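**Q** build me a model from this:
(chains A and B)
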Amino acid sequence: MSGMAFYITTLAIYAGLNGILVLGLNMQFGVTGIFNFAYILLVAVGAYATGIAALPSPIAGGPQYLGGFGWPFPYDVLFGMVVTVLFALVLALVAFRRIANWYLALTLSAISWALLVLVTNFVPLFNGLIGLTGVPGPWEDQLDPATYQFVFLGIVVVALALMYAVMWRIERSPLGRALRATREDAVAAASLGKSPVRLKTTGFLLGAAAAGLGGGLSIVYLGGWSPQSWGSGETFVLLSAVIIGGRGWANGALLGSLIVLEAIIEGTRFLPDVAGRADLLPAIQSVAIGVILLAVLWWRPRGLWPEPKERFPK
Amino acid sequence: MPSDIPALVVFGIVDAAVLAIAAVGFTLQFGVTNYFNFGYGEWLTFGAYIAVVLNTAPLNLNVWLAMTIAGLATAGLSFGVNRALFLPFVRRRPEPLYILIVTLAVGLLLNNAYIALWGTDYRQYQGADRDIHHIGPITIGTDQVIFLAVAVALMGATHAILSYSKLGKSMRAIADDRTLAVVCGLDPARLADVTWLMTGFMAGIAGVILAMQVHTFSTDIGGNFTYLIFPAVIIGGIGRAYGAMVGALIIGLVTALGVLVIPASLTPSLIFVAIVAIVLFRPQGLLGGISHGRMQED
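**A** The predicted structure follows:
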């Protein structure tokens, strides 16, 4: 396999993984209207849970982590998804009935940070700052690297297509309309007998399933996951993608993911480094994302490819 | 090790003093403008860097003078960002969603501007007075005494302004009931200007003190500190200046005294427990925040 083919398949795999993550955040933030500024926490839960399901049990003196079930694909990723949804359920039960909107954003980001520091410093959980490493990919030991690359691409494409179909279906279902109604006006929705707390919880859990799937597939492909993978900046990039593309529907969110995560972040990777300033390129990428985000909010507040208006048959 | 307790309490109070300055600034601004500034940490970073630029070669200004100038410079930044970005966005798109994303984006832009301008190398002040004094069972540095004095002075000034001046009363009125305050003739834009100046000054001073306390710092200093500011504000009650002081004191003491029962690396989990407990049992915060955005249901 040539270097270029390898690069292109890797890029496609990343695009697919990012697409899954953006679909989940769009379900929570775009469709349901939950200001989840800690989405990456759910992705991390999915990644860690998948990791400890896939890794063999820890040996004395080696890296420390919980679990170590040694389960093969796809059971490890499914386990990661289930754990993420349960974790999201606990968060929703604690927070949703009592706080909402931007208070929720503040609280969730504070919780996410506290857990990040805990996981970083408390080594027995997930091997601390080093994180989980050597997580086996699907049939990685039985395939040569080139075939593995294509097999994994196939898995990501199937996962993304499934996730897209589910989200697309939900957005057009009565449930989707109820979710959007809660987003637009929770009081009005409640007056028509729709429970905002229950609906927000539903949207949150659906998004969490995508976050868990994306996190799980990420860790089995990358082979590892550490606290550096889930800083608060990661949520910001995903959030920018959803807003720039068009929040509230899967097509817009996926377009945003292509623009922000592929065109800006991957596309600028070929720019030459400024001598002695390796920190400059990421800074310029972030500034580009920030400026585009502000421009979109100013001129096209619903995104470049906005959610279509609701149409009802006469 | 009960003999450590007085020393730990002093540590906790000094930490709480810095946190209180920053948290009061954050919460006062929210009270008057009615939205959070998610980029607030970058205000602190700005103060810390302005002071270190003034304090090191070629200018070599006295560190306390540099701190004061940095406070004023951050007030200017705060005023300017509000006028140039926040205010136009609030007027154009009044829904809270937009302004929250805008504050987040501005924080990111500022942070990366600092990285481009000042790099990510660790910086440090020179000439801070680090003499250590032993008073009975406690040990405290001269610089820490100054931090405490600055915090007490700023908290006292905040209290005086809020309680006795017309400006402070207007600020509290607009935080309590925006519509009523505007109907009574208060000018929200002018109050917002003054508030951004005041809270910017506090953020700048807090940034410098925070940077002096951690000795060496980089461009992530303010952004990371917001994750202590948010819990302090949530615990105390969002929008309440006195709540932020109480929240800061609780966080400072809990993290300092926490090492008596659990390893130091785990003390942030105590903050996590505190947030969850507050959300479960007193979502409006200890002192009763302005509102906590409860969902309409039942």
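**Q** from A:Ile243, how far off is B:Gly107?
**A** 15 Å (C-beta to C-beta, to the nearest Å). Every residue, glycine included, has its C-beta placed from N, CA and C.
**Q** neighbour count winner among those two?
**A** Shown here are B:Gly107 and A:Ile243; by other C-beta atoms under 10 Å in any protein chain shown, A:Ile243 has more neighbours (29 against 25).
**Q** then that one would be within a strand, right?
**A** No: A:Ile243: not assigned to a strand; according to DSSP: H, G, I helix; E, B strand; the rest coil it is helix.
**Q** list the residues that contact it.
**A** A:256, A:293, A:296-297, A:303, B:101 (C-beta atoms under 8 Å, 6 or more residues apart in numbering or on different chains).
**Q** what ranges of the chain fall below the confidence cut-off?
**A** You didn't say which chain, so I picked chain A. A:1, A:273-276, A:314 (pLDDT under 70).
**Q** actually, chain B is the one I wanted.
**A** In chain B (pLDDT under 70), the answer is B:1-3, B:289-298.
**Q** just the strands in it please.
**A** B:123-124, B:132-135, B:138-141, B:216-217 (DSSP state E).
**Q** now these as JSON lines including mean neighbour count and distance to chain A?
**A** Below are the strands of chain B laid out as JSON lines (neighbours: other C-beta atoms under 10 Å in any protein chain shown; distance: least, C-beta to the nearest C-beta, whole Å):
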{"stretch": "strand B:123-124", "mean neighbour count": "17", "distance to chain A": "14"}
{"stretch": "strand B:132-135", "mean neighbour count": "10", "distance to chain A": "28"}
{"stretch": "strand B:138-141", "mean neighbour count": "16", "distance to chain A": "26"}
{"stretch": "strand B:216-217", "mean neighbour count": "16", "distance to chain A": "16"}
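**Q** and those: which comes nearest A:Pro72?
**A** With C-beta to C-beta as the criterion, A:Pro72 lies closest to strand B:216-217 of the strands of chain B, at 46.5 Å.
**Q** so in that sheet, which strands flank that closest one, and in what orientation?
**A** Strand B:216-217 sits in its sheet next to strand B:123-124 (antiparallel), going by DSSP bridges.
**Q** quick check: A:Gly212 vs chain B, distance?
**A** Per C-beta to the nearest C-beta, to the nearest Å, A:Gly212 is found 21 Å from chain B.
**Q** tally up the residues packed near A:Ser191, please.
**A** 10.
**Q** what's the answer for A:Gly224, then?
**A** A:Gly224 has 17 neighbouring residues, counting by other C-beta under 10 Å.
**Q** right, and it touches A:Pro136 too?
**A** No: at 11.0 Å, A:Gly224 does not count as touching A:Pro136 under the criterion of C-beta atoms under 8 Å.
**Q** related to what we said a few turns ago, of the contacts of A:Ile243, which is the nearest to B:Leu19?
**A** In terms of C-beta to C-beta, no member of those lies closer to B:Leu19 than B:Ile101, at 26.1 Å.
**Q** so the closest one touches A:Leu293, yeah?
**A** Yes: at 7.0 Å, B:Ile101 counts as touching A:Leu293 under the criterion of C-beta under 8 Å.
**Q** what about the longest helix in chain B?
**A** Scanning chain B for the helix with the most residues, using DSSP state H, yields helix B:5-33.
**Q** separation between B:Pro96 and chain A?
**A** Taking C-beta to the nearest C-beta, one finds B:Pro96 at 6 Å from chain A.
**Q** residues contacting that residue?
**A** Per C-beta under 8 Å, 6+ apart, neighbours of B:Pro96: A:101-102, B:35.
**Q** now A:Val220, nearest residue through space, not along the chain?
**A** A:Gly137 (4.8 Å; C-beta to C-beta, 6 or more residues apart in numbering or on different chains).
**Q** to clarify, my last question referred to A:Ala208.
**A** A:Ala88 is the one closest to A:Ala208 (C-beta to C-beta, 6+ apart), at 3.4 Å.
**Q** what does A:Val31 give?
**A** A:Leu179 (5.2 Å).
**Q** equivalent analysis for B:Ile115, please.
**A** Once flanking residues are discounted, B:Ile115 sits nearest to A:Ala283: 4.4 Å by C-beta to C-beta, 6+ apart.
**Q** just to check, the one you found is in contact with B:Ala116?
**A** Yes: taking contacts as C-beta under 8 Å, A:Ala283 lies within contact range of B:Ala116: 5.1 Å.
**Q** out of these two, which sits in the busier spot?
**A** Between A:Ala283 and B:Ala116, counting by other C-beta under 10 Å, A:Ala283 is the more crowded of the two (21 against 17).
**Q** what sits against that one?
**A** So A:Ala283 contacts B:112-113, B:115-116 (C-beta under 8 Å, 6+ apart).
**Q** cool, and A:Leu217?
**A** Taking C-beta under 8 Å, 6+ apart as the test, what A:Leu217 contacts is A:17, A:20, A:77, A:155-156, A:159.
**Q** quick one: the helices in chain B?
**A** B:5-33, B:40-55, B:63-81, B:87-92, B:96-118, B:142-164, B:166-176, B:178-183, B:188-213, B:221-236, B:241-257, B:267-281.
**Q** so for A:Leu55, which of those sits nearest?
**A** helix B:267-281 (23.9 Å).
**Q** check which helices and strands the closest one sits against.
**A** helix A:75-95, helix A:101-121, helix B:221-236, helix B:241-257 (3 or more C-beta pairs under 8 Å, 6 or more residues apart in numbering or on different chains; DSSP states H and E).
**Q** would you turn these into TSV with mean neighbour count and distance to A:Phe37?
**A** Shown next, in TSV, are the helices and strands packed on helix B:267-281 (neighbours: other C-beta atoms under 10 Å in any protein chain shown; distance: least, C-beta to C-beta, whole Å):
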stretch	mean neighbour count	distance to A:Phe37
helix A:75-95	20	13
helix A:101-121	22	4
helix B:221-236	26	10
helix B:241-257	23	19
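**Q** picking that back up, in JSON lines: the helices of chain B, plus distance to A:Gly216.
**A** Converted to JSON lines, the helices of chain B look like this (distance: least, C-beta to C-beta, whole Å):
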{"stretch": "helix B:5-33", "distance to A:Gly216": "36"}
{"stretch": "helix B:40-55", "distance to A:Gly216": "31"}
{"stretch": "helix B:63-81", "distance to A:Gly216": "40"}
{"stretch": "helix B:87-92", "distance to A:Gly216": "38"}
{"stretch": "helix B:96-118", "distance to A:Gly216": "27"}
{"stretch": "helix B:142-164", "distance to A:Gly216": "46"}
{"stretch": "helix B:166-176", "distance to A:Gly216": "45"}
{"stretch": "helix B:178-183", "distance to A:Gly216": "45"}
{"stretch": "helix B:188-213", "distance to A:Gly216": "38"}
{"stretch": "helix B:221-236", "distance to A:Gly216": "26"}
{"stretch": "helix B:241-257", "distance to A:Gly216": "33"}
{"stretch": "helix B:267-281", "distance to A:Gly216": "24"}
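**Q** any idea which of the ones you listed gets closest to A:Ala38?
**A** Once the helices of chain B are compared by C-beta to C-beta, helix B:221-236 is nearest, at 10.9 Å.
**Q** quick one, the closest one and helix B:267-281 angle?
**A** Put simply, helix B:221-236 runs at 40 degrees to helix B:267-281, going by axes from the mean of the first three to the mean of the last three C-alpha atoms, to 10 degrees.
**Q** distance from the chain centre to helix B:221-236, please.
**A** 7 Å (C-alpha atoms, centre = their mean, to the nearest Å).
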